[in-house]
Every structure is written in structure tokens, then in C-alpha cells.
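Novice: What follows is a predicted structure for the sequence shown.
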Number of protein chains: 2
Amino acid sequence: MAGTNGGGLRPIVDVARDLDIAPEFLEPYGRDQAKVHLDALTASGRPAGKLILVSAITPTPAGEGKTTTSIGLAQGMWRIGRRAALALRQPSMGPVFGRKGGATGGGLSKVEPSNKINLQFTGDFHAITAANNLLSAAIDNRLYFRDLDLDPTRILWKRALDMNDRSLRKIVIGLGGHSQGVPRESGFDITAASEVMAILCLSESLADLRQRIDRILVGFGGDGSSVLAGRLGVTGAMTAILKEAILPNLVQTTESTPAFVHGGPFANIAHGCNSVLATRMALASADYAVTEAGFAFDLGGEKFFDLKCRSAGLNPAAVVIVATIRALKMHGGVALSEITKPDPAAVERGLVNLAAHLDSAANFGKPTLVAINQFAADTPEELELVHAFCKSRNVPCSTANVFGKGGAGTTDLAEKVVAAASVPETPFQALYPLDWPAERKIERIAKAMYGAAGVVIQQAAEQKLRKATQLGYGQLPICMAKTQDSLSDNPKLRGRPQGFTLNVRDVEIAAGAGFLVALTGEIMRMPGLPLRPAAERIDVDAEGNIIGLT
Amino acid sequence: MAGTNGGGLRPIVDVARDLDIAPEFLEPYGRDQAKVHLDALTASGRPAGKLILVSAITPTPAGEGKTTTSIGLAQGMWRIGRRAALALRQPSMGPVFGRKGGATGGGLSKVEPSNKINLQFTGDFHAITAANNLLSAAIDNRLYFRDLDLDPTRILWKRALDMNDRSLRKIVIGLGGHSQGVPRESGFDITAASEVMAILCLSESLADLRQRIDRILVGFGGDGSSVLAGRLGVTGAMTAILKEAILPNLVQTTESTPAFVHGGPFANIAHGCNSVLATRMALASADYAVTEAGFAFDLGGEKFFDLKCRSAGLNPAAVVIVATIRALKMHGGVALSEITKPDPAAVERGLVNLAAHLDSAANFGKPTLVAINQFAADTPEELELVHAFCKSRNVPCSTANVFGKGGAGTTDLAEKVVAAASVPETPFQALYPLDWPAERKIERIAKAMYGAAGVVIQQAAEQKLRKATQLGYGQLPICMAKTQDSLSDNPKLRGRPQGFTLNVRDVEIAAGAGFLVALTGEIMRMPGLPLRPAAERIDVDAEGNIIGLT
């Protein structure tokens, strides 16, 4: 039985036992991490648990603490006698070494061993990188041998690295003369932004993974015909590389609550959720599966429902929107440097952002709650304003001290989530049907989720949409690529922007993942390091312990 | 007790127990692989075992089967009642997907689980890649922020990928304008050819690793002064990335013989041996540690003694030179397409190559044996020619059917190795003292190992040597980068070339690894894929098993 413990991690086989996952389904990776065989999905024989999505309002640059709140909530569930498991994303080494640092929760609500999870973990990101780059090498090898009709100026596929490295965004490869390859423009994306990452996270099995990889659109032939990855002859080898990576990873929280940490597609450019298989494993082994989706509800929540849940046939039982007093102040017009100072009036002004996300969430027809991720500087008056607002909308609300108290700080939230999730389940409402034209899908998202007055699809994007439809990709759902800093596509607009027009400047076809990406604004697929990256604070001490990581 | 078993792998904790390594020193990676904590080195309390180097004559493109013979020999040792452990290199995914395929031995002399060892294994190569590329990202980040006096045209450090990808050899990065980085020429090396790989394999501890990383020469400032990696501020984070990778990996052979498979620097451009720590672990836990060094004795053997053993203070007890009848025929002038046909006269002519390597090995003052790696096509007459030749030189010789019979095919070889290694140990003789000028060291290697009549050091190389000496690197040993296909620097010359001049065209400073690389001929640091790469044969079957890998 999971619960608080005095310190130190429990053996991972015992954590698995809390979920009735027998040791024979585990592949240990060190003492505190294990991969879980997919046979465990059907072996449990239990009815599937209820799926709880944790999303957030538009965040400050530090984030609203979705991961920390998710962890705290799952811990709180155990404290009120409910069997819960987490399904979370693995951090990317890019942000870990860049601006953000580790991403394994905080305080008394963390997943452990955090130093390992933040770095190599069980090697999944590296395997994804290798599979991605094997396809790249095969593409340039075919160009070199002139063995496939592939236009070097129309190759869509890029290489990947799990690193923030802006110098690799735009490069010229194949230089050095006849024996070194065919010169062409190309680039690297960070692994979390790669299509292989999205594919792995949406795959239902190794066979499904293989089929999706085969379907990747890598470029075009000289006659403009599409060239799919299956033509390159290495998709079997790519699948072999990913054979272990597709298995969900089991770790534990500060309070020994089981957590499946698996996959980590970016939420700006990709769909921003942990793997379908990790979510299924949590559902198969617990009564409540607590999961999160990247960034605020307008991005992460929408993609969670319309991409992940639709693809996998998942039906969430409740949605938790995380808000912080500091972010509400930011949306109320307070500068970031001032958001820790008491300012109830600003909080009240900022509630428009929370209102927007609650309105957005209502589209999907699921019980929705608000969790205030409490910080030490929050005043009772500020907290009460949020409660009063939620009461006025008939939305359950709970203040949760997840950082300072762990599961003990979320028992009220856990009770309210259990109550909200106890209503009879009806299928969720997707925001749009798949047979709508892509333009109409985009418009629907822009108006219902972002509050846009209209959408302008620029010429380049319109051409790509026409091409996508010609190629038979018109039925795919849309993965919006938009800034996380605003409901609009202008990162400077806080609160609840009104009357703006969403600009779609480009479109990409992710045929393997199974969506069309609509790009708005400047979206980073390969971040850069800041002047003083987090990597400069990370070290190994004299006893061999990693320091400075979280 | 290790020995033959009917099939299936023994639990890795039991394999460790055969070496008196207690389970608390193991970090499992799956059921069949474990990392071993360095505390196990001192915990054994046993006298160090004897170190047996397995090297080879100049190989055919298929290789002489050094790894297979090493594995067979260690298995044979157990069969004659000797406690043996292997120390071997991890295969690189580049060759695995390229021309060569898997590199885990063959037949009844393999290390298992071979499919895992050939791909992700325990993630060490990926960690090395990530550490390498974090330094790269930090370098270009400093250029971008103009935060360090670093001349973009004089940066020596390159990025790395564990992939055969010729298009990345010469690239231009940082394109796209002001916000995308500083444009400059650069490139990728395969991870196995990277200095971080060499460093990891020569490090004695995590602290030593850190110091070596700090010492890496990454480039030069505008004033020509050297810029070391320690200045980039991320060497602590690089060490954190490598914290697990430095721990030797324990697996087992077909006959459950313990094998430490750890590290894999290329033998053309780097020093070509598994990690010092894996060798130490084998020595600390067994009476005989069987290890190998890449390519033939002229390259691998020399570097093993002069670089690895000198650096680590190791003292081998015996050297085994592996020869095949087919390679001897090749050296006797037979075309590769004909080497499986009986041709005793060609074998006899080809013995000059074996003689050359035996002469080379004699320089180091250690008992030397010949193992004939037997193939089905070998005739008794051909085999007898080799035995007679060895007898004439007073060199013990044994025919070993390692592929077909495993340890049962090497008991005679094992007995002879034990006998040869039983002579009182005296320190090995290095080929040159470290205080010689670099040019003299190179000349000594060229004449004593390759049979060169002389050495020409081209102007670029001479300038680099002067620079290296000015910077205080004159005392470093030399790591020769030469073709593996000939004793000379001309890959077309078989047998025992005479009267040739070795051309040194360039020199590189590997300050962290602790050697100067002298480049002769065209050395591949980033191989390309062939028209039909091995990756095209690799797949996952309907039951989820990897096929076509070995």
C-alpha cells in the first residue's frame, strides 16, 4: 500500500505490487526504475480506472505546477483510500540543461529518482533520437547513391538531438565534395519536437508503431509524388531500436505513489502528452489515472482530447485546471517582477484567464474543477477571491499545498475530484468532426479555445493544406502550434485577449503521428541555450552525487 | 560456477556471483544486464588476475574473429577449471546498421543478450553522445552571446552521433541570420571516434573523468591561446550525464561466462580498447581477464600496450594473435572471392603477415601465442602449415573452433594460454619513452610495428606537432590513425609490405584522452552507409523479436 514514508525509495517491485503488477512483467533499469511489459495491460483483469486530466491556465514562464499538482493529487488520492497512478511525461534534456532545469515536480510532490529521470532515465529519448537519425542517414544515403527518386530540395525530414542547440536549426549538410554526400539545406529539431516522439506516444503497440513509422512523409520525388518512410528500407530497424522504448517506465513519487513516466512530446509543436500506453497502464492498474497535458488548457487540453483521446478511444472522467495566484496577477496586468506581492485587485482582474479556460473545457462535456497551486506568498484574501469566483460558476475549487505538504495538502482536492468523477460517464465531445475541411477545424479551435475573432490562413499554409488534402490527409485532426504564453498567437497578450485574428503561417503533415500541424507565430522546434544555462549549475560532488539539477 | 548450459540466460546476479560480486554492487538493466558499482573493485580482496590480450593478424574485411575467439577462450578457461572473465568493447550502432552488422561474437561464442548489446545496451554510447553534444552546444552558445574569446574558425571540437552518416562529415551550422547562431564550418564524428569515448575508456574514476573532460582542447582564442573545455562551464553537467555510463556493464556469454562489455573507441582513430574500469573489474574478480584490442596487432596491440596499459599501469601476462586460414590466403595474394578454396601455397606465402605481427609483439616482452580461428573450409594441410610455422618460431599454436564448439573448441588453447601466462611477471616494455620528441615516437612505431623504411611528416602535421609541444603536450604518447587493411598506410598492400614510407598528414591533440593522434591516409571518423546497409535486414517479427541483427 503506497503512502507516506520516511525517506528513501521503496523497491520498484513493491511499487508495482501496489498496482497488482507482478514482478515478471518488470524489466528493472537500476533499482528504482522499471519498464513494464505490455502484457501487464491485459493481465490485470480489473475494470479500467477513471482518467483525470490535469491542465492549467495560461502560465507564467515558471509554469503553473501542473506536474507537481498532478503528483500531489495522486498522493492525496491514496491518503483518502483511493488507488491512483500517475501518467506523466519524461523531461527533455534540452530544457533540463537550458532555462527550465529539471521537470519532475517539486517539494514533497516529486517523481523519483529525479536525477535519473531528468537525465538518461531508461534511454527512451535517446532511442527515439537514434531511430529518427537512422531514417535521416538512410535518406541522405539514397541521395548519395541516387537510388531513389527523392528531390534534395523537398525533403521534409530533419535530424534530431535531445539538446538545446540553436546552431543546428539551419545547416547545410553533405559538403566536402563527391564522396561526402549531396549538399542540401537541412536542420535538427529537438527530440521532443520530432515526429518519432509523437508517434511513440500515440502508438498502441509495436506493430502500430511500425505502421505509423512506415507512413511518415519524408519528402517528395522529382515529380512531386510523396515519398513515405517505408520506402527507405530502415523502418524495421527503427522499430527494433524502439522495441524497449515503447514500454512504459514505472517509478514512484515522494510518497511512493506509482508513476508511469513515459514519452515527452513538446506541447507547442507536438501534442504534449505522455504515451497512450502509459495512460493505459495507469488505467489498467489503478482506480484513478492522473495525467497532465503540456501548457495551458487551450493548447494541452484541446490536444489531449482531440488528438490523444480521440486516437486512443480514451474517455476522461474529470478535468482539473491548475491556477496560481501569481499567474492570475500576471493576467491582471502585474509585471512578472511584482507577482509575489499581495494584490487582490489584480487577482480579480486576472480571473478572466481562468474563465476562458473553464469555458474552453466546457466544450468537451466533462466535470471540471479548479486547483489552486498554493505558494507561501498567497494571501487568504487572494485565495478566497478565486474560491468565490469558482462558486459563482458552480465549479468545485480547492487550495492545494502540493509543494509544502505533498499528499497531505491535496486530500480536499482529491475528495472533490473523486466526487466530480463519480457521475455516469458519457463519451467526451470532440471539438470538431474529422470530416470537416482543415480550415474549418482550425477556425473552430481558434474561436472555441483561444477566443479568436477569426483566422487568417496565409498563402503558404493554404497551399500546404491543399496539398495535404490532395495526398489524402484531409481527414487528419489538427495539432495547433501556438505560443504557450497567451491565449492568442501573440505571446505578449495576457488575460483574455478579444477580437484578435489568429494567423496560420504554415502547415506540416505528420502522417505517421496522424495529424496536420498548423503553425502560428514563431514556434521553436530547436530551442537555444540562455547565456547562463542551467547546465552550468549541474555538477557531481566528491561523493559522486549529482547536484544542482532540481 | 559458469559452464555450458542448455540455453536461456542465467540471472545476471548469478553470473555476478560466479565472480563473487555481491548483488548489492549491481544495478540491473533489464534481467540480463547489470552495471557494476566501482566499489566492487576493492571489495573482492582477491589478488588481481592475469591479463590476456587477444589481438590478430591483418584482417580480411570480415575480421579475424577476435571477439569470438576471446569469448571462446574465456569459455574454454572455465572448462579447464580456470576462473575467467571477459573485458570487451560495446558495438557501435554505426557499423551495426552499416556494413558490418552486430559485433557480439558468433556461433557458440557470443555475448548475450546480443540484440540488446548491439543496440541501446545500457545507454552508454548515448550518454557519451549527449555529453559530447552538450559541450558543442555550450561552445556555439558562447559564440552566439560573444561571451568567450573563441575564434569560430579555429574550433576543434565536433558534434557526435552513434550513426553512419556521411552527410554530417562536413557541414555549415548557425545559418539563418542573427538569432540562429554564428555561421561556421563544422561536422559530426561517430560517437566511437569521439574524444569523450576515449576519455571514458581511459578514466579510472568519475573524478578522473571530470579532470580529463576539463582538459579537452576545444579550440583557440583570437590571440591563438588554447581554450580548454573547463572554460565552457558545462563539464560538471557532462560528468553528471556520464555518471552511470562510467560503470562497467556485466553480461554473459553463450556458456554463461561473465563478460564486462564497456566502451568502444574505434581502433583506427582512437585507441580501440574497452574501458580501463571493465578490465580492472575483470582482473579484480577473476584469475584470467581476457580482453581484445581493435584491428590487428600493429594498431590495436600497440595502442593497447603504449596507451591503455601505460596509462592504467596494467601488465598483460600473455598475448594471443588470432589468424584465419582465409586471411593468410589473402596475404598470400588470393582474391577475396577465392579465399574459401583450399590453397596451401597461398597460406604459406601469407605467413609473412603473421610473422610481422609476432615480431611486433615481441617488442613488448610478453609470452605470445597463435590461435587459428577455424572455419569449415580450412583443410588439415593448411592448418598444419601454420602449426609448423609457429613451431619453427617456438610460438605455441592452437586451432580453435570457437564458432562451432564454443568453449569445447578452445580447451587446448586455454591450456596453452595458462601455461604461457604462468611465467613470472615482469613489467611490459613500452615501445618508446614519453620524453622522446613526437617525431621520434612516430618513427619508432612506424618501423617497429608497421615495417616502414621511414616516415614523412607533412608540413601541416609538423606545424601541429610544434604547436602541441609549445602548448605542453609534447610528453603525450602517440595514437596512430592508420588503415586496418594493411601493415602500411596503403590499404591495398597485403602480406608484409617492405620499404614503404609512412606518411603522416595531420596531427590532432586529444588532451583529455591524453594522446596525440597522428593521421595517416584517409581515416574515417564518420563512416557512410553502403548502398544496401545492414539496417535493411533488421526487423521486428510478429512476436516482437528482433530479427536480422546478427
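Specialist: Nice, I can see it. Residues are numbered from 1 along each chain as shown, chains lettered A, B, ... in the order given.

Novice: would you put the C-alpha positions of stretch A:399-419 in PDB?
Specialist: As requested, the backbone C-alpha atoms of stretch A:399-419 are provided in PDB (Å, rounded to 0.1, in the frame of the first residue of the first chain):
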ATOM      1  CA  THR A 399      -6.400  25.100  -2.500                       C
ATOM      2  CA  ALA A 400      -3.600  22.600  -2.700                       C
ATOM      3  CA  ASN A 401      -0.300  22.900  -1.000                       C
ATOM      4  CA  VAL A 402       1.400  20.300  -3.100                       C
ATOM      5  CA  PHE A 403       5.000  21.600  -2.700                       C
ATOM      6  CA  GLY A 404       4.900  22.100   1.000                       C
ATOM      7  CA  LYS A 405       2.700  19.200   2.200                       C
ATOM      8  CA  GLY A 406       2.600  16.600  -0.600                       C
ATOM      9  CA  GLY A 407      -0.500  14.400  -0.500                       C
ATOM     10  CA  ALA A 408      -1.500  15.900   2.900                       C
ATOM     11  CA  GLY A 409      -2.000  19.100   1.000                       C
ATOM     12  CA  THR A 410      -4.400  17.600  -1.500                       C
ATOM     13  CA  THR A 411      -6.900  15.500   0.400                       C
ATOM     14  CA  ASP A 412      -9.600  18.100  -0.100                       C
ATOM     15  CA  LEU A 413      -8.800  18.300  -3.800                       C
ATOM     16  CA  ALA A 414      -8.700  14.500  -4.100                       C
ATOM     17  CA  GLU A 415     -12.200  14.200  -2.400                       C
ATOM     18  CA  LYS A 416     -13.600  16.800  -4.800                       C
ATOM     19  CA  VAL A 417     -12.100  15.100  -7.900                       C
ATOM     20  CA  VAL A 418     -13.500  11.700  -6.800                       C
ATOM     21  CA  ALA A 419     -16.900  13.300  -6.300                       C
END
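
Novice: now it: mean pLDDT?
Specialist: For stretch A:399-419, the per-residue pLDDT values average out at 98.

Novice: got it, and stretch A:342-349?
Specialist: The average pLDDT for stretch A:342-349 rounds to 98.

Novice: That stretch: which residues count as buried?
Specialist: For stretch A:342-349, a neighbour-count test (16 or more other Cβ atoms under 10 Å in any protein chain shown) marks A:Asp343, A:Pro344, A:Ala346, A:Val347, A:Glu348, A:Arg349 as buried. The way it works is simple: take the backbone N, C-alpha and C, and place the C-beta from them, glycine included.

Novice: my guess is the fifth one meets A:Val386, correct?
Specialist: It stands for A:Glu348. No. The pair A:Glu348 and A:Val386 fails to qualify as a contact (Cβ atoms under 8 Å) at a distance of 9.2 Å.

Novice: quick one: which of the buried residues of stretch A:342-349 sit in helices?
Specialist: Assignment to helices by DSSP state H places the following of the buried residues of stretch A:342-349 there: A:Pro344, A:Ala346, A:Val347, A:Glu348, A:Arg349.

Novice: Just put those in CSV and tack on distance to A:Ser194.
Specialist: What follows is those, written out as CSV (distance: Cβ to Cβ, whole Å):
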residue, distance to A:Ser194
A:Pro344, 44
A:Ala346, 40
A:Val347, 39
A:Glu348, 42
A:Arg349, 40
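
Novice: from the residues you listed, which is closest to A:Arg210?
Specialist: Within the set of those, A:Val347 lies nearest A:Arg210; the separation is 50.7 Å, counting by Cβ to Cβ.

Novice: count of neighbours near the closest residue to chain B within the stretch 301-450 of chain A?
Specialist: Nearest residue of the stretch 301-450 of chain A to chain B: A:Ala312, at 20.1 Å (Cβ to the nearest Cβ). As a burial measure, A:Ala312 scores 17 neighbours (other Cβ atoms under 10 Å in any protein chain shown).

Novice: how much space between A:Ser109 and A:Ala16?
Specialist: 21 Å (Cβ to Cβ, to the nearest Å).

Novice: and these two? which has more neighbours close in?
Specialist: A:Ser109 (33 against 21).

Novice: so that one bridges to which residues?
Specialist: As for beta bridges, A:Ser109 partners with A:Gly106 under DSSP bridges.

Novice: which regions of the stretch 351-500 of chain A sit below the pLDDT cut-off?
Specialist: Along the stretch 351-500 of chain A, segments meeting pLDDT under 70 are nowhere present.

Novice: Check whether A:Gly233 really touches B:Glu536, as I assumed.
Specialist: Yes. In terms of Cβ under 8 Å, A:Gly233 counts as a neighbour of B:Glu536; the distance is 4.2 Å.

Novice: returning to that earlier point: from the buried residues of stretch A:342-349, which single one is nearest B:Asp124?
Specialist: Set against B:Asp124, the nearest of the buried residues of stretch A:342-349 by Cβ to Cβ is A:Val347 (50.4 Å).

Novice: can you give me the strands in the stretch 251-400 of chain A?
Specialist: Taking DSSP state E, counting those that start in this stretch as the criterion, the stretch 251-400 of chain A carries its strands at A:258-261, A:288-292, A:318-323, A:368-373, A:397-400.

Novice: For the third one, what is the distance to the chain centroid?
Specialist: I take that to be strand A:318-323. How far strand A:318-323 lies from its chain's middle: 15 Å, per Cα atoms, centre = their mean, to the nearest Å.

Novice: That strand pairs with which strands, and in what direction?
Specialist: Taking DSSP bridges as the criterion, strand A:318-323 pairs within the sheet with strand A:50-56 (parallel), strand A:368-373 (parallel).

Novice: Deepest in the core, which of those strands is it.
Specialist: strand A:50-56 (a mean of 29; mean count of other Cβ atoms under 10 Å in any protein chain shown).

Novice: who's in contact with that one?
Specialist: A:63-66, A:69-70, A:73, A:279, A:283, A:287-293, A:295-297, A:300-301, A:304, A:314-323, A:357, A:361, A:371, A:417, A:421, A:425 (Cβ atoms under 8 Å, 6 or more residues apart in numbering or on different chains).
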